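[1] Next one to model:
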Amino acid sequence: GASQDQINVLQLVANAMTLTLRRSSEDRPIMQNTEAVLDYLHADMAHRPTEVLRVLFLGPHLHLVHDEIIATGTVDGVTCNTREIVLKAVEVGATAIIISHNHPSGVPTPSPEDVRFTRYIADGCKTVGVLVLDHIVISRTGHCSLRAEGLMNLSISEHASSMPRQLPKITVPLGESLWE
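    Here you go, the predicted model:
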């Protein structure tokens, strides 16, 4: 096995790579460089021993405005409430999100639960004018885009045309919850 010093050096290198990839994603519109997004997600998520659910929150010009691991699960699952993602999207001023989670098994094929979860999140986000661009499953052997596989509920144009033309302004006083 590896010594603790070797493990520390590897962790330091991994952290530096993740920071570099994050900075390159923040410097330009995220959807114009899908490979940078996949590299960033893969570097941080592919070799984790348990599933994590990460959301990339994007602003009006598809720049990364916030990145958060929303939930940590077990070796074969992670759960999260739709409300947590919708509330965070509103809080950070996101207009679109990319959902991602990892499969420690090494197989990036989405489960039926992954597809259902994505549709629940898309429906919840739609109510506040936030578009779900994709849900990407990451594993050490590759990735799978639910949008590319045709597993998302609506196309981007269908989703956008079904949203209200003018969304109501939501003001939440500091320290209060949107749902209380």
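
[2] what about the protein, any weak spots by pLDDT?
    The chain contains residues with pLDDT under 70 at 15-33, 153-180.

[3] got the residue ranges for the helices in it?
    4-26, 34-45, 82-92, 112-126, 156-162 (DSSP state H).

[4] Would you tell me which of the ones you listed gets closest to V132?
    Across the helices of the chain, the minimum distance to V132, taken as C-beta to C-beta, is reached by helix 112-126, at 4.2 Å. Quick note: C-beta positions are derived from backbone N, CA and C, even for glycine.

[5] which residues touch A89?
    Residues near A89 by C-beta atoms under 8 Å, 6 or more residues apart in numbering: 55, 57, 97, 125, 128, 130.

[6] could you dump the helices of the chain to CSV with distance to V75?
    Output for the helices of the chain, formatted as CSV (distance: least, C-beta to C-beta, whole Å):
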stretch, distance to V75
helix 4-26, 20
helix 34-45, 14
helix 82-92, 22
helix 112-126, 15
helix 156-162, 33
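
[7] Please name whichever of those is nearest to P104.
    Of all the helices of the chain, helix 34-45 comes closest under C-beta to C-beta, at 9.6 Å.

[8] buried stuff in stretch 144-151?
    144-147, 151 (16 or more other C-beta atoms under 10 Å).

[9] Pull up the gap between M45 and V107, please.
    14 Å (C-beta to C-beta, to the nearest Å).

[10] So for those two, which residue has more residues nearby?
    Neighbour totals were compared for M45 and V107, and M45 leads with 25 against 14 (other C-beta atoms under 10 Å).

[11] I'd say the more buried one and R54 touch.
    Yes - if you go by C-beta atoms under 8 Å, M45 and R54 touch, sitting 6.6 Å apart.

[12] Which neighbours do those two have in common?
    Among the neighbours of M45, those also in contact with R54 (C-beta under 8 Å, 6+ apart) are 100-101.

[13] Endpoints of stretch 34-53, how far apart?
    Using C-alpha to C-alpha, to the nearest Å, the end-to-end distance of stretch 34-53 comes to 19 Å.

[14] and it, how far out from the chain's middle?
    Centre-to-centre, stretch 34-53 and its host chain are 10 Å apart (C-alpha atoms, centre = their mean, to the nearest Å).

[15] How about that stretch, which residues are buried there?
    36-46, 48, 51-53.

[16] Report the two members of the residues you listed separated by the largest distance.
    A36 and E51 (23.1 Å).
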